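Enquirer: heads up, no residue letters with this:
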């Protein structure tokens with residue numbers, strides 16, 4: 001019997017479909033990976049803003065993860081919004097029950113595209129000190145990197161130093177995809193990937209697309225990287241291919257109107273227009 005490559009997303013639910021586990025599952029499917037999910041919160045949101053978060057009981061989150069990993073398994077795991085310290089610890093402790101599952105991509109979601117906070121203040125340290133070291137790749141944007149490091153990262157000249165510093169927090173040796181989309185100006189968007197397994201850097205430039213349709217870009221990039229890891233790619237290839245996918249999805253979705261705020265990217269740009 002043939003076997004699908006599989007990826008599990010542990011994330012919140014976005015009813016508008018552009019971010020969260022909906023974006024993750026779309027990305028997995030678009031890249032040829034069978035997606036599974038563990039829902040950590042039901043979020044009341046749309047393209048304009050976040051209006052409420054209803055947490056799923058933590059023992060039920062753990063049960064979902066166990067049910068998937070003990071049966072379907074996972075070649076990779078993507079972790080998205082974890083809103084509290086106790087939930088972060090629950091997810092980490094449950095993943096440790098499955099030591100063979102180590103291709104874990106963490107998107108340290110702290111603030112929504114709309115600017116609404118998604119992570120409790122005291123959970124930042126738990127994510128940084130406990131969960132991040134267990135992951136293979138982390139994908140912060142500049143505000144998230146600044147919060148994790150406790151210092152402002154807002155210039156291209158800081159990217160490589162900041163990525164390496166993030167990797168070495170608590171001797172984690174996690175690889176870092178540092179996203180530069182929050183830098184203003186210029187026609188080029190430049191991300192940096194630090195491969196902690198090789199101590200090397202990749203500069204990943206792409207044309208800057210002028211669009212409001214950026215809802216779920218972080219979710220989509222991290223799940224694309226996880227999908228490529230699930231398919232057996234090495235970290236450098238996963239970062240390159242993940243960046244190519246999100247860049248094309250943003251460009252393809254730029255001219256669509258979905259909702260009244262930050263619309264989604266086009267996850268299935270290779271399949272339909």
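Expert: Received, thanks. Note that this is a predicted model, so its numbers are computed, not measured. Numbers count the residues shown, from 1 in each chain.
Enquirer: where along the stretch 1-150 of the chain do the helices fall?
Expert: 20-30, 58-71, 85-95, 123-126, 142-149 (DSSP state H, counting those that start in this stretch).
Enquirer: Show me which of the ones you listed has the highest average neighbour count.
Expert: The highest average neighbour count among the helices of the stretch 1-150 of the chain, using mean count of other C-beta atoms under 10 Å, belongs to helix 20-30 at a mean of 25. Using the backbone N, CA and C atoms, a C-beta is placed for each residue, glycine as well.
Enquirer: do you know which of the helices of the stretch 1-150 of the chain lies nearest residue 219?
Expert: helix 20-30 (4.3 Å; C-beta to C-beta).
Enquirer: returning to that earlier point: any chance of CSV for the helices of the stretch 1-150 of the chain, columns mean pLDDT and distance to residue 164?
Expert: Below are those laid out as CSV (pLDDT from 0 to 100; distance: least, C-beta to C-beta, whole Å):
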stretch, mean pLDDT, distance to residue 164
helix 20-30, 98, 27
helix 58-71, 98, 31
helix 85-95, 97, 24
helix 123-126, 90, 20
helix 142-149, 90, 11
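Enquirer: Tell me which of the ones you listed sits nearest to residue 52.
Expert: Taking those one by one with C-beta to C-beta, helix 20-30 is closest: 13.9 Å.
Enquirer: so what does that closest one touch, helix or strand wise?
Expert: strand 6-13, strand 34-45, helix 217-230 (3 or more C-beta pairs under 8 Å, 6 or more residues apart in numbering; DSSP states H and E).
Enquirer: Buried residues in the helix or strand just after the last one, which are they?
Expert: Scanning forward in sequence from helix 217-230 by DSSP states H and E, the next helix or strand is helix 235-253. Along helix 235-253, these residues count as buried under the neighbour rule (16 or more other C-beta atoms under 10 Å): 235, 238-243, 245-247, 249-253.
Enquirer: and the angle for helix 235-253 with helix 20-30?
Expert: 100 degrees (axes from the mean of the first three to the mean of the last three C-alpha atoms, to 10 degrees).
Enquirer: among the helices of the stretch 1-150 of the chain, which is nearest residue 108?
Expert: That would be helix 142-149 among those, by C-beta to C-beta, at 5.0 Å.
Enquirer: Following element in sequence after that closest one, please.
Expert: helix 159-167.
Enquirer: Taking helix 142-149 as reference, get the angle to that following helix.
Expert: 50 degrees.
Enquirer: quick revisit: just send the helices of the stretch 1-150 of the chain back as JSON lines, with distance to residue 213 too.
Expert: Shown next, in JSON lines, are those (distance: least, C-beta to C-beta, whole Å):
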{"stretch": "helix 20-30", "distance to residue 213": "12"}
{"stretch": "helix 58-71", "distance to residue 213": "30"}
{"stretch": "helix 85-95", "distance to residue 213": "30"}
{"stretch": "helix 123-126", "distance to residue 213": "28"}
{"stretch": "helix 142-149", "distance to residue 213": "20"}
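Enquirer: Counting neighbours, what do you get for residue 259?
Expert: For residue 259, the count of nearby residues is 16 (other C-beta atoms under 10 Å).
Enquirer: My guess is it contacts residue 15. True?
Expert: No: applying C-beta atoms under 8 Å, one finds residue 259 not in contact with residue 15, separated by 11.3 Å.
Enquirer: before we move on, the earlier item: and among the helices and strands packed on helix 20-30, the most buried is which?
Expert: The most buried one of the helices and strands packed on helix 20-30 (mean count of other C-beta under 10 Å) is helix 217-230, showing a mean of 30.
Enquirer: I'd like the distance from that one to the chain centre, please.
Expert: Computed by C-alpha atoms, centre = their mean, to the nearest Å, the chain-centroid distance of helix 217-230 equals 6 Å.
Enquirer: ditto for stretch 60-72
Expert: That offset, for stretch 60-72, works out to 20 Å (C-alpha atoms, centre = their mean).
Enquirer: do the same with stretch 80-89
Expert: The answer for stretch 80-89 is 14 Å, by C-alpha atoms, centre = their mean.
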